[in-house]
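Enquirer: only geometry, no sequence info:
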């Protein structure tokens, strides 16, 4: 695949991942931080309620899949930057560490001011760790990837066994009424203070998923090295296998979310979701090749180029729409309404990205982080020269 076309397909996938991430977060906004609505320990009588059926079907197709896809795309981007540094004879990880530290800072600000379920901080820490791993031999990379997956699976199995024996379950997703009241009636300042004072408690998942993120990042690295995005017979065959295996295996496994009791909530989100993510990658890549002139691709490509700006924007918009200090569309909205709002925000982001990139080369946050990175790297170089 030509470089320009290959980058385009990656931007399209990244854009889809960003919009899909809101497909999970939108339920947290709509139900004021009550995570029970993205799990099924409670509120799961889909055979009696069309509303529950629609919500669980939507989550089966979206919840965790976009996070897995986004993590893989981060790994793809990391590997491309690593290959570029080798071509230019630059020190690695070098400036990539500065970029990751900036991402960590951006994630901290996003966590504090917007959303406690920020993923940027976790990705930043993972990126720093993986940036050293990619320098190893392929065998060591695979061993590290398998080890990270094994650690992650160990914890998921413990949770799964706990749910089976009813020793844990509702406790994992218990949300104090005070939290719901905070987002329903509290001011933006009150919410920000809550995030700061409960920092480590609210960052539990971000820490817990680091082994998972490492595995996903390294899958992205290995996909690039195997030529999965090349426009030749090898690349096409890899993408077809990803599509067939990911969809045929991943879809039935993710539909286990319909099993009452919440037994498969954690396995679906943290184990089965990435399988379907790979299926989505293969399927979207196949569709891009077959329907290259489809106008939607160019719009999604723009969202992908502004992924950081769009990620923050969608959460700011959701806060304004659902929280008490905004329009207050909170409470217990119907699933159809929640999905409708998600679609509207996605369409707005597509329009925003298309208009912004008509006049600017990159998104507002992407531009700001590029300037900050340049300043940080320049200062670091000056210090080295003085020494």
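Expert: Thanks, I have it. Every value quoted in this text rests on a predicted model; they were computed, and no experiment measured them.
Enquirer: which element is the residue minimising distance to the centre of the chain on?
Expert: By CA atoms, centre = their mean, the mean C-alpha position of the chain lies nearest to residue 67, the distance being 3.0 Å. For residue 67, the host element (DSSP states H and E) is helix 65-87.
Enquirer: I'd like the distance from the helix or strand just after that helix to the chain centre, please.
Expert: Using DSSP H and E, the next helix or strand after helix 65-87 towards the C-terminus is helix 95-113. Counting by CA atoms, centre = their mean, to the nearest Å, helix 95-113 is centred 15 Å from the centre of its parent chain.
Enquirer: What are the buried residues along helix 95-113?
Expert: Under the neighbour-count criterion of 16 or more other CB atoms under 10 Å, helix 95-113 has 95-104, 106-108, 110-113 buried. Placement of C-beta: from N, CA and C, glycine included.
Enquirer: pLDDT weak spots in this protein?
Expert: 1-7, 43, 166-175, 331, 376-387 (pLDDT under 70).
Enquirer: Tell me the spacing between residue 206 and residue 125.
Expert: From residue 206 across to residue 125, the span is 8 Å (CB to CB, to the nearest Å).
Enquirer: Oops, could you answer that again for residue 92 instead?
Expert: Relative to residue 125, residue 92 is positioned 18 Å away (CB to CB).
Enquirer: out of the two, which sits in the more crowded spot?
Expert: Counted by other CB atoms under 10 Å, residue 92 and residue 125 do not tie: residue 125 has more neighbours, with 20 against 17.
Enquirer: Run through the residues that contact the nearest residue to the more buried one once chain neighbours are set aside.
Expert: Computed as CB to CB, 6 or more residues apart in numbering, the closest residue to residue 125 that is not its neighbour in sequence is residue 210, at 6.3 Å. Contacts for residue 210 (CB atoms under 8 Å, 6 or more residues apart in numbering) come out as 122, 125, 126, 129.
Enquirer: Then residue 47?
Expert: Going by CB under 8 Å, 6+ apart, residue 47 touches residue 53.
Enquirer: Helix, strand, or coil at it?
Expert: On the three-state scheme (DSSP: H, G, I helix; E, B strand; the rest coil), residue 47 is labelled coil.
Enquirer: Could you report the distance from it to residue 36?
Expert: From residue 47 to residue 36 the distance is 19 Å (CB to CB).
Enquirer: hey, where'd the helices end up in the stretch 251-387 of the chain?
Expert: Remark: helices assigned in the stretch 251-387 of the chain by DSSP state H, counting those that start in this stretch are 265-267, 273-290, 295-305, 307-322, 335-359, 364-386.
Enquirer: List the buried residues for the helix holding residue 67?
Expert: 65-82, 85.
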